[in-house]
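Participant: Okay, sequence plus prediction incoming.
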Amino acid sequence: MTEYQTTLRAHRRLAILRHLEGCSEYTSNASVLVDVLRGVGITSTRDQVVTELAWLAENGFTENTDHGDFVITTATERGVEIARGQARHPDIQRPRPRGRGI
């Protein structure tokens, strides 16, 4: 894997967790995440998203439910902490501080 691919993967994981952190009940699905990632400039295939969701679940950051045609994911407390920058993981990009509203 190239350095660029490694960096992109870390950013993809953070973007997924940050989206979940902002969702009702910290829950979304893989199809929505493909669109969300595209919207933040991280174009990803559904397979890439599902692979990252599996990795996030294996590491305790999400809980996934596979319904065959779609995957539903929910951030765990640890995943929300990563999204907020309160905790770190070496394979997930650390978030930049969020700006204050005017």
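Facilitator: Sure thing, it's come through.
Participant: contacts and neighbour counts: CA atoms only from here.
Facilitator: OK.
Participant: Skipping its backbone neighbours, what lies nearest the most centrally placed residue in the chain in space?
Facilitator: Using Cα atoms, centre = their mean, the residue of the chain that lies closest to the mean C-alpha position is residue 16, 1.9 Å off. Of all residues not flanking residue 16 in the chain, residue 33 sits nearest, at 6.8 Å (Cα to Cα, 6 or more residues apart in numbering).
Participant: isn't that neighbour right next to residue 17, touching?
Facilitator: No. Taking Cα atoms under 8 Å as the contact criterion, residue 33 and residue 17 are not neighbours in contact, 10.1 Å apart.
Participant: out of the two, which sits in the more crowded spot?
Facilitator: With other Cα atoms under 10 Å as the criterion, residue 33 and residue 17 differ in neighbour count, and residue 17 comes out ahead with 28 against 22.
Participant: Could you check which helix or strand contains the more buried one?
Facilitator: If you go by DSSP states H and E, residue 17 is part of helix 3-22.
Participant: Show me the contact partners of that helix.
Facilitator: The set of residues that contact helix 3-22 without belonging to it, under Cα atoms under 8 Å, 6 or more residues apart in numbering, is 26-28, 33, 36-37, 42, 52, 56, 74-75, 79-80, 82-84, 91-95.
Participant: How about stretch 74-87?
Facilitator: 14, 17-18, 20-21, 25-28, 60-64, 88-89, 94-97.
Participant: Put the buried members of those residues into a PyMOL selection.
Facilitator: Selection of the buried residues among those in PyMOL, burial being defined by 16 or more other Cα atoms under 10 Å:
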select buried, resi 14+17+18+20+21+26+27+28+61+62+63+64+88+94+95
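Participant: How many neighbouring residues does residue 32 have?
Facilitator: Under the neighbour criterion other Cα under 10 Å, residue 32 is assigned a count of 12.
Participant: The one 5 residues further on too?
Facilitator: Per other Cα under 10 Å, the neighbour tally for residue 37 reads 20.
Participant: does it really touch residue 46, like I thought?
Facilitator: No. Residue 37 sits out of contact with residue 46 when judged by Cα under 8 Å, with a separation of 10.6 Å.
Participant: Going along the chain, name the helices of the protein.
Facilitator: According to DSSP state H, the chain carries its helices in the segments 3-22, 30-39, 46-58, 77-84.
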